[in-house]
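J.: mind looking at a prediction? Sequence and model below.
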Amino acid sequence: MIQAPRGTFDVLPEDHARRAVIEAHTSRILGAAGYRRIETPAFEATELFARGVGEATDIVQKEMYTFDDGGGRSLTLRPEGTAPVCRAYVEHGMHKLPQPVRLWYLSSFFRSEAPQKGRYRQFWQVGAEAIGAEGPDTDAELIVLLAELLEALAVRDVTLKISSLGNPETRAQYRAELARYLHQHEDALAPEVRARIDLNPLRAFDSTDATTRATMEDAPKLLDRLSAEDAEHFEAVKALLDDAGIAYQLDPALVRGLDYYTRTVFEFSSTALGAQSGVGGGGRYDRLIEQLDGPPTAGCGWAAGIERMLLAATDLPTAAHTVDLFVARVPTASSDRAFAISTQARRAGLSAQLELAGRSLKGQLKHADRIGARYVAIVQDAGIALKNMESGDQQELDTAAVIPTILRGSRLA
Ligand code: AMP
């Protein structure tokens, strides 16, 4: 039997209602703030992610689904949304539009990670990007919007961590300082941390190894090395969050798995989730557009995992699915008349389902009850019996009277 590939899943019809609620809240909350939806291709030139996300990141080194397109070009299934959105911004000359350009997406992404609860190889993210504005109010706006989305979805036990990565120059100096510190303490570091000191020393803060963690407590912190402008920007972001009543924790070791971040970084997590506790996160990426050959353009954004939000929001309301009319028929009656009634009912704005399975009349009524139909029209050899499923009342009608009767919602005798 052929099964869905490891780490993937089917979104079945019964799963869709809760996802639709997330989509509706996202569209409402982001739409009200001027964000407009964008969809980029599911695959891109591999170079986009190598350059955008960063050669040294886990994503680029280990997790990309990369393939040759048959003509010698290397393509990659998108592992994240920011680099593609920035590629689209440059490609369509969006720097000529009034800035910032506010965009959101809801798409699926692909990473070859070890599957576990809340971690998949194809997963969905909703994301927001504000491109072309560098002020701290942009960062705060985005954080507030994600907080509002998580609140609207009643995602449980959420905490927000924020930090600042400063600019690439002070970060490079800091990296060198941190690498020196790590080399001095090599004996107290886990082998995989030691192996990456020069490639990506910041990742040492991610380690789960106890002695590594203890060593990292005394390590120099980037937050203490920010330039005056970056420190001021970060203070302003925090003040805006304070004013907005958004609680946060400062996490000087907050490291995100993508290289393009500058200044503000943030992450929402939920203790309701277990090991994969990250619900959504993001930050500022003021150099990314330039790296993609666009004009120097500031940007900021976030992405939140749909599956993680679904897991952490257990009482997400499901959209009620109503069936106004089920069209049944006695075996000897014309199926064309039944077909016509269901079509006309839908054209009149009702939801109407037609019996297609050849059930007995008793079976059809049982099925209508099971799907919660408000009315059943039983097509007879002549005329229609319209049954109100709530009251149980039934009346004989001309075919032409069926739909008006339902629309009036009139009490049946
Ligand atoms: P990232 O793009 O790595 O910053 O991830 C943003 C959010 O996407 C995370 O907080 C998760 O909610 C979600 N996410 C990332 N990777 C996965 C994955 N492999 N499976 C499911 N959700 C994921």
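T.: Done, it's in. All values reported here derive from a predicted model rather than from experimental measurement.
J.: can you report how many residues lie near whatever residue of the stretch 301-413 of the chain ends up closest to the ligand?
T.: Of the stretch 301-413 of the chain, the residue with the smallest distance to the ligand, taken as CB to the nearest ligand atom, is residue 305 at 2.3 Å. No exception for glycine: its C-beta is placed from N, CA and C like everyone else's. For residue 305, the count of nearby residues is 23 (other CB atoms under 10 Å).
J.: contact partners for it?
T.: Contacts of residue 305 were listed using CB atoms under 8 Å, 6 or more residues apart in numbering, and they are 118, 123, 124, 125, 278, 279, 280.
J.: surely the last one and residue 266 touch.
T.: Okay, so that is residue 280. No. Judged on CB atoms under 8 Å, residue 280 makes no contact with residue 266 at a distance of 9.1 Å.
J.: where do the contact lists of the two overlap?
T.: Jointly contacting residue 280 and residue 266 under the rule CB under 8 Å, 6+ apart are residue 302.
J.: next secondary structure after the helix-or-strand element of the chain with minimal mean pLDDT?
T.: Every helix and strand in the chain was compared by mean pLDDT, DSSP states H and E; the lowest is helix 58, with a mean of 85. Sequence-wise, the next helix or strand downstream of helix 58 (DSSP states H and E) is strand 66-68.
J.: who are the neighbours in contact with residue 355?
T.: Residue 355 neighbours (CB under 8 Å, 6+ apart): 326, 327, 328, 329, 338, 364, 367.
J.: make a ChimeraX selection of the buried ones in those residues.
T.: To isolate the buried ones among the contacts of residue 355 in ChimeraX, judged by 16 or more other CB atoms under 10 Å, type:
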select :326,327,328,329,338,364,367
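J.: what's the closest non-adjacent residue to the residue of the stretch 151-300 of the chain found nearest the ligand?
T.: Of all residues in the stretch 151-300 of the chain, residue 278 sits closest to the ligand, at 3.4 Å by CB to the nearest ligand atom. Leaving out its chain neighbours, the residue that sits closest to residue 278 by CB to CB, 6 or more residues apart in numbering is residue 269, at 5.2 Å.
J.: the top helix by length along the chain: which residues count as buried?
T.: Ranked by residue count and defined by DSSP state H, the top helix of the chain is helix 13-32. Using 16+ other CB under 10 Å as the test for burial, helix 13-32 gives 18, 19, 21, 22, 23, 25, 26, 29, 30.
J.: okay, now the residue of the stretch 1-150 of the chain found nearest the ligand: neighbour count?
T.: Closest to the ligand within the stretch 1-150 of the chain is residue 123: 3.4 Å, counting by CB to the nearest ligand atom. Applying other CB under 10 Å, we find 19 residues neighbouring residue 123.
J.: show me which residues of the stretch 251-400 of the chain sit near the ligand.
T.: 256, 257, 278, 279, 280, 281, 303, 304, 305, 307, 308 (CB under 6 Å from any ligand atom).
J.: farthest-separated two in those?
T.: 256 and 307 (18.8 Å; CB to CB).
J.: just to revisit the earlier point, pull out the buried residues from the contacts of residue 305.
T.: Buried members of the contacts of residue 305, counted by 16+ other CB under 10 Å: 118, 123, 124, 125, 278, 279, 280.
J.: dump the contacts of residue 305 to JSON lines, plus secondary structure and pLDDT.
T.: Shown next, in JSON lines, are the contacts of residue 305 (DSSP: H, G, I helix; E, B strand; the rest coil; pLDDT from 0 to 100):
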{"residue": "118", "secondary structure": "coil", "pLDDT": "93"}
{"residue": "123", "secondary structure": "strand", "pLDDT": "98"}
{"residue": "124", "secondary structure": "strand", "pLDDT": "98"}
{"residue": "125", "secondary structure": "strand", "pLDDT": "98"}
{"residue": "278", "secondary structure": "strand", "pLDDT": "93"}
{"residue": "279", "secondary structure": "strand", "pLDDT": "97"}
{"residue": "280", "secondary structure": "strand", "pLDDT": "97"}
